[in-house]
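Participant: curious how this folds, go ahead:
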Amino acid sequence: MKKLLLALLIAGIFAGSAFGAGIRIGILTKQNMSDEAFVKFVREHDTNFFGWKIMNANHSQDDKLTYFDSLTSMLMALRSDKIDEAALPEPTAEYIVNTNSDFEICCAVHSSPTHLALGFRNDEAGKRLCGMINAALEAMKSDRKLSILYAQYLKTPGKSQPPAETFTKIDGAETIRVAVTGDLPPLDMVAADGTPVGFNTAVLAELGRRIGLNIELVNIESGARTSALMSGRVDAVFWYLVWEGSDKQPSVPSGILLSDSYYEWENFMHLRKFSR
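Facilitator: Residues are numbered from 1 along each chain as shown. Okay, here's the model as predicted:
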């Protein structure tokens, strides 16, 4: 895999395919930053996010990030040539090209560590829930349950949809509502029939059993997850783009508390329409 990523990166640099003049790059919505503010953040911080440091010689000031509230709308824009490329986490990009012949990976970019976590309201209830989740996550790391789920769902992204997870129903127990978007398959994924599946769903099912709470999954668009959490529609949401060593996290609004990380990646891949 490392050799493949290096080859893709070198090809992108010399061909200039990923960062030529005027490239329109799709990205999932950031929750508290405008397009301009996010670009400014990336350029001012010591990170090679989306390749601005690695591929600076080929980067153009005319390149533009376009935000999308869902993966579906971003891929539709890519199909209809409204954007040139879509930037996605490595496991999501690999899953898409393995299950859809319309797209191909055109560039691999090594980024600062990006973490997957759960987000809660930063109030007493949220702090209590976050503490319970963190304790359960630590136990899942210690007994290697997280490693088992990683191998099952993420190590080799397949060409078929992951199975639905069975949630244990605990009579009389509290129920927590968790937002799922389906925008990061096979991490955060929703099947065609509306059933949440994938790695996050499996992690949630295990967490529910360990903390003794019932889990209710609520489907929302990625761009609406902050409002759903802060309004009380849900008690937790999936969150990514937490950078180590950064005093500012560009997609984490104030008032939101993040759990410990339970999965991380360091490569983003750019998709384009398949060149037949």
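Participant: only C-alpha atoms from now on, for both contacts and neighbour counts.
Facilitator: OK.
Participant: contacting residues around stretch 69-87?
Facilitator: Outside stretch 69-87, the residues within contact range by CA atoms under 8 Å, 6 or more residues apart in numbering are 18, 23-29, 50, 66, 68, 102, 181-184, 221-224, 268-273.
Participant: which parts of it are buried?
Facilitator: 69-71, 74-75, 77-79, 83-87 (16 or more other CA atoms under 10 Å).
Participant: of the residues you listed, closest to Ala228?
Facilitator: Ala228 lies nearest to Asp69 out of the buried residues of stretch 69-87, by CA to CA, at 13.7 Å.
Participant: and the closest one, how far is that from Thr168?
Facilitator: Note on Asp69: its distance to Thr168, by CA to CA, to the nearest Å, is 31 Å.
Participant: what's the answer for Gly126, then?
Facilitator: Relative to Thr168, and taking CA to CA, Gly126 is found at 22 Å.
Participant: who has more neighbours out of those two?
Facilitator: Gly126 (18 against 14; other CA atoms under 10 Å).
Participant: torsion angles phi and psi at the more buried one?
Facilitator: phi -60, psi -40 (degrees, to the nearest 10).
Participant: below-threshold pLDDT in the stretch 151-276 of the chain: ranges please.
Facilitator: Across the stretch 151-276 of the chain, the ranges flagged by pLDDT under 70 are 156-159, 241-251, 276.
Participant: so which residues of it form helices?
Facilitator: For the stretch 151-276 of the chain, the helices defined by DSSP state H, counting those that start in this stretch occupy 199-211, 225-230.
Participant: wait, which of the ones you listed is closest to Pro113?
Facilitator: Across the helices of the stretch 151-276 of the chain, Pro113 has its closest neighbour in helix 199-211 (18.6 Å, CA to CA).
Participant: neighbours of Lys127, how many?
Facilitator: By other CA under 10 Å, 17 other residues sit near Lys127.
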